[in-house]
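# Prediction below, plus the sequence it came from.
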Amino acid sequence: MEFKLEAHRIVSISLGKIYNSRVQRGGIKLHKNLLVSLVLRSARQVYLSDPCPGLYLAGPAGSPAAPPPQPGEPATGTPAGWGEPPPPAGRAAWPETESQPGRPAVPDAPRAGDTDPAATPAGCSAAGSTPLKKPRRNLEPQPGGGAEDAEEEMETGNVANLISIFGSSFSGLLRKSPGGGREEEEGEESGPEAAEPGQICCEKPVLRDMNPWSTAIVAF
Amino acid sequence: MELEGLVRRPCPGLRGLARGSRTAAVSLVNAGVQPAAVSCLFPLPADIISTVEFNHTGELLATGDKGGRVVIFQREPESKNAPQSQGEYDVYSTFQSHEPEFDYLKSLEIEEKINKIKWLPQQNAARALLSANDKTIKLWKITERDKRPEGYNLKDEEGKLKDLSTVTSLQVPVLKPMDLMVEVSPRRIFANGHTYHINSISVNSDCETYMSADDLRINLWHLAITDRSFNIVDIKPANMEDLTEVITASEFHPHHCNLFVYSSSKGSLRLCDMRAAALCDKHSKLFEEPEDPSNRSFFSEIISSVSDVKFSHSGRYMLTRDYLTVKVWDLNMEARPIETYQVHDYLRSKLCSLYENDCIFDKFECAWNGSDSVIMTGAYNNFFRMFDRNTKRDVTLEASRESSKPRAVLKPRRVCVGGKRRRDDISVDSLDFTKKILHTAWHPAENIIAIAATNNLYIFQDKVNSDMH
């Protein structure tokens, strides 16, 4: 149980760091963001694999989660680098209380991030192709293959979007930044280089009434 | 080894360093002027020292800071008249190396912070160094002028043209001595070679080429050619989403001009031979220690990332620094390091808080002494640690104002982890994590060390007995 809380906390902190790195002077530091994303993945694994479903409130029955049709979610599952076997009993019911106020903002994230071709950085896979992407080879020595199942079991649309954003692995984090934050080779030609100065992928909602977890989700 | 002596880096506005009292045994300079001391208490971000490097003889010490400035110190030569002034480092030259820039294409601001300085081996009267920020490397030539011509025929002393009618005879201009003037000029600018942030540069032993490494690529440059470079390592994956490791440091072998090493964020070292192929993606040797499964935590990957790698002067060993340890590797053994020293293992249980306050990402450097028998690295609370490889003894010392009094001998410090606490011990919880010593340098031949503590530079040297002179 403590592991889950600890993991939860670490995920929140990591998301905050990634968010802050976007506005740092000097641009995104690749090394630090890579390390933060690795921590985020470890924490996420622990969070999802810890079988304590009773910790969180049950979601509303009519929760429009329906993860599979979500545009932000890869149809064939997340890259294996993020995958882990779905916990049999540990269908993590993400905190539901904030799903209501959080939802209006979060859907902007996948929409902006995944369907906006202008947001595609040259070197990364095109956003539109993410759902069609083949499962990538497993870079980590993890039991693979269960990634897509883990995704489909998510109950809320918010969390599914969040997972899919991170499911597109490292560049997914970088891709969400304003255009100035990305570091790509000059001279790459695929797709117009996104001119996104100042464009933020998700609206900044009113944060006053939200708890830190939803704040973290909404930040992306 | 007893260490004593201190030079404090001039704070902005401080012209020179006041000379304190000295004895035959110790040479030091104490910047004891009160207003400067006060301004040093609240360091401006631009004054934070970001790199320290001795030149090959140890006569010069260069420091770079976050504001893009380079300050060079020179050691006063020994003089028979004043033997006590031997070994003092005074400011030799200060110049602005890099300015902040803006990359309009990517809407990115490029910091002017100097990441690395490397001296070029001296080949003539002039001296040269390379300074690098995140994107650009510059070669600076440092020359001295101590004579100037006087007695021109056509110009007067101020340089104004003379009225020709007043010129009645010809004279030969004569070189007269003048106050030493140090002139610094940028001779080469190596720009546009890197997409990612430059983390290290290293001059080759052939004295003609050098390499610069960023997160994903290493480029080989010729010192005289600025419009092109060779890419010798490229670990950028075809798909950035598959990125799992980045390059964190690199260095040329001190004797073999074809060998270089680079370290990764996964804790591995790769030794590459440039004779093998043009693109050295395939390493000749891979140095990696298997992870200890009992120490696994959320942060295992972060703390195994190598922040610095240094070849020994002999060229036989490599020194690496990760977050909690320094390791000595033998080039002939790839499976594991031959020596591992714990720098501050008491932090292992505090990794989560250190992650929260970003301290876990601090990149500490490490250094060898001239004979490769002692290694040194920095830690928190302005502590730095030295490990004697032969006696296996280690010491923790503090670079602080209290220890900066003239002739003060540095007292070993101890961090207590619970259990018995001695009087002067510091507990782990009272360590100041904002006071970190990331950059240290050791004189190539003598026992003189330079320690950068935020915006202050401390120079300590081994206590020399007066009867040795």
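Structure's in. What do you need?
# Which parts of the strand or helix carrying B:Leu180 count as buried, going by neighbours?
Taking DSSP states H and E as the criterion, B:Leu180 maps to strand B:174-190. Neighbour-count burial for strand B:174-190 flags B:182, B:184, B:188, B:190 (criterion: 16 or more other CB atoms under 10 Å in any protein chain shown). C-betas here are computed from N, CA, C, even on glycine.
# now do stretch B:435-448
So stretch B:435-448, judged by 16+ other CB under 10 Å, has buried residues B:435-444, B:446-448.
# thinking again about what came up before, what helices and strands are in contact with the strand holding B:Leu180?
Other helices and strands packing on strand B:174-190, by 3 or more CB pairs under 8 Å, 6 or more residues apart in numbering or on different chains; DSSP states H and E, are strand B:89-96, strand B:137-150.
# what angle separates the first one from strand B:137-150?
The reference is to strand B:89-96. 110 degrees (axes from the mean of the first three to the mean of the last three CA atoms, to 10 degrees).
# Remind me what strand B:89-96 packs against, helices and strands.
Using 3+ CB pairs under 8 Å, 6+ apart, strand B:89-96 sits against strand B:69-75, strand B:174-190.
# Given the shortest one, what are its sheet partners and their directions?
Next to strand B:69-75 in the sheet, as set by DSSP bridges, lie strand B:60-65 (antiparallel), strand B:89-96 (antiparallel).
# Tabulate those (TSV), appending mean neighbour count.
Output for these, formatted as TSV (neighbours: other CB atoms under 10 Å in any protein chain shown):
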stretch	mean neighbour count
strand B:60-65	25
strand B:89-96	17
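# of the ones you listed, which approaches B:Asn219 most closely?
B:Asn219 sits nearest to strand B:60-65 of all the strands paired with strand B:69-75, at 20.2 Å, using CB to CB.
# And the contacts of the closest one?
Residues outside strand B:60-65 that contact it (CB atoms under 8 Å, 6 or more residues apart in numbering or on different chains): B:9, B:46-55, B:70-75, B:89, B:92, B:97, B:113-117, B:119, B:127, B:129, B:131, B:441, B:450, B:452, B:455, B:457, B:459.
# redo that, cut-off 7 Å
Applying CB atoms under 7 Å, 6 or more residues apart in numbering or on different chains, the contact partners of strand B:60-65 are B:9, B:46-54, B:70-74, B:89, B:92, B:97, B:114, B:117, B:119, B:127, B:129, B:131, B:450, B:452, B:457.
# What separation is there between the residue in chain B positioned nearest to chain A and A:Pro51?
Residue nearest to chain A within chain B: B:Ser107 (2.8 Å; CB to the nearest CB). For B:Ser107, the distance to A:Pro51 (CB to CB, to the nearest Å) stands at 45 Å.
# okay, which residue of chain B is out on the far edge from center?
For chain B, the largest distance from the centre (CA atoms, centre = their mean) belongs to B:Ser165, which lies 58.2 Å off.
# Doesn't that one lie inside a helix?
Yes - counting by DSSP: H, G, I helix; E, B strand; the rest coil, B:Ser165 is found in a helix.
# show me what contacts it?
With contact set as CB under 7 Å, 6+ apart, B:Ser165 has no partners.
# pLDDT below threshold where in the chain?
Went with chain A since none was named. Applying pLDDT under 70 to chain A picks out residues A:50, A:52-220.
# if you could check chain B rather than the one you did, that'd help
B:1-43, B:79-86, B:403-407, B:419, B:463-469.
# what are the ranges of the helices in it?
Secondary structure of chain B (DSSP state H): helices at B:34-41, B:300-304, B:351-356.
# Please save the CA atoms from the shortest one in CSV.
Written as CSV, here are the backbone C-alpha positions of helix B:300-304 (Å, rounded to 0.1, in the frame of the first residue of the first chain):
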residue,chain,number,x,y,z
SER,B,300,18.5,3.4,-9.4
GLU,B,301,18.8,4.6,-12.9
ILE,B,302,19.4,8.1,-11.9
ILE,B,303,22.1,7.4,-9.4
SER,B,304,23.9,5.1,-11.7
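# What helices and strands are in contact with that helix?
Under the contact criterion of 3 or more CB pairs under 7 Å, 6 or more residues apart in numbering or on different chains; DSSP states H and E, helix B:300-304 touches helix A:30-49.
# same thing but 10 Å
helix A:30-49, helix B:351-356 (3 or more CB pairs under 10 Å, 6 or more residues apart in numbering or on different chains; DSSP states H and E).
# Let me have those helices in TSV, extended by mean neighbour count and distance to B:Thr377.
Below are the helices and strands packed on helix B:300-304 laid out as TSV (neighbours: other CB atoms under 10 Å in any protein chain shown; distance: least, CB to CB, whole Å):
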stretch	mean neighbour count	distance to B:Thr377
helix A:30-49	22	19
helix B:351-356	17	17
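# Would you mind telling me which of those is nearest B:Ala399?
helix B:351-356 (20.9 Å).
# re the thing from before, distance to B:Ser373 for the strands paired with strand B:69-75 - can I get that in a markdown table?
Formatted as a markdown table, the strands paired with strand B:69-75 follow (distance: least, CB to CB, whole Å):
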| stretch | distance to B:Ser373 |
| --- | --- |
| strand B:60-65 | 22 |
| strand B:89-96 | 24 |
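# So for B:Arg385, which of these sits nearest?
strand B:60-65 (20.9 Å).
# Ok, which of the helices and strands packed on helix B:300-304 comes nearest B:Asp103?
helix A:30-49 (15.2 Å).
# Can you name every helix or strand that the closest one contacts?
Against helix A:30-49 (3+ CB pairs under 10 Å, 6+ apart) you get helix A:2-21, helix A:147-152, helix A:157-167, helix A:169-175, strand B:247-252, helix B:300-304, helix B:351-356.
# rerun at 8 Å
helix A:2-21, helix A:157-167, helix A:169-175, helix B:300-304.
# Next one: B:Ile117 relative to B:Lys138, how far apart?
For B:Ile117 relative to B:Lys138 (CB to CB), the value is 10 Å.
# what do these two both touch?
Contacts common to B:Ile117 and B:Lys138, judged by CB under 8 Å, 6+ apart, are B:130-132.
# now these as a markdown table including neighbour count and distance to B:Glu241?
A markdown table is the format used below for the shared contacts of B:Ile117 and B:Lys138 (neighbours: other CB atoms under 10 Å in any protein chain shown; distance: CB to CB, whole Å):
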| residue | neighbour count | distance to B:Glu241 |
| --- | --- | --- |
| B:Leu130 | 24 | 34 |
| B:Ser131 | 26 | 35 |
| B:Ala132 | 26 | 29 |
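# Now, these that are in strands?
B:130-132 (DSSP state E).
# out of those, which touch chain A?
Applying CB under 8 Å from any CB of the partner chain to those, one finds that nothing falls near chain A.
# need these in CSV with distance to A:Val46, can you?
What follows is these, written out as CSV (distance: CB to CB, whole Å):
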residue, distance to A:Val46
B:Leu130, 45
B:Ser131, 44
B:Ala132, 39
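# Going by distance to B:Gly315, which of those wins?
The closest of these, once distances to B:Gly315 are taken by CB to CB, is B:Leu130, at 21.2 Å.
# For that closest one, give its distance to B:Leu120.
Separation of B:Leu130 from B:Leu120 (CB to CB): 7 Å.
# anything in contact with each of these two?
With CB under 8 Å, 6+ apart, B:Leu130 and B:Leu120 have common neighbours B:139, B:203.
# Roughly how far does B:Ile235 sit from B:Thr320?
B:Ile235 is 18 Å from B:Thr320, by CB to CB.
# And the two? Which one has more around it.
B:Thr320 (26 against 17; other CB atoms under 10 Å in any protein chain shown).
# In contact with that one: list those residues for me.
B:263, B:269, B:306, B:308-309, B:326-327, B:329, B:337, B:366.
# how about 6 Å then?
Counting by CB atoms under 6 Å, 6 or more residues apart in numbering or on different chains, B:Thr320 touches B:306, B:309, B:327.
# what would the residues you listed look like in CSV with neighbour count and distance to chain A?
Formatted as CSV, the contacts of B:Thr320 follow (neighbours: other CB atoms under 10 Å in any protein chain shown; distance: CB to the nearest CB, whole Å):
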residue, neighbour count, distance to chain A
B:Val306, 24, 11
B:Val309, 24, 15
B:Lys327, 23, 19
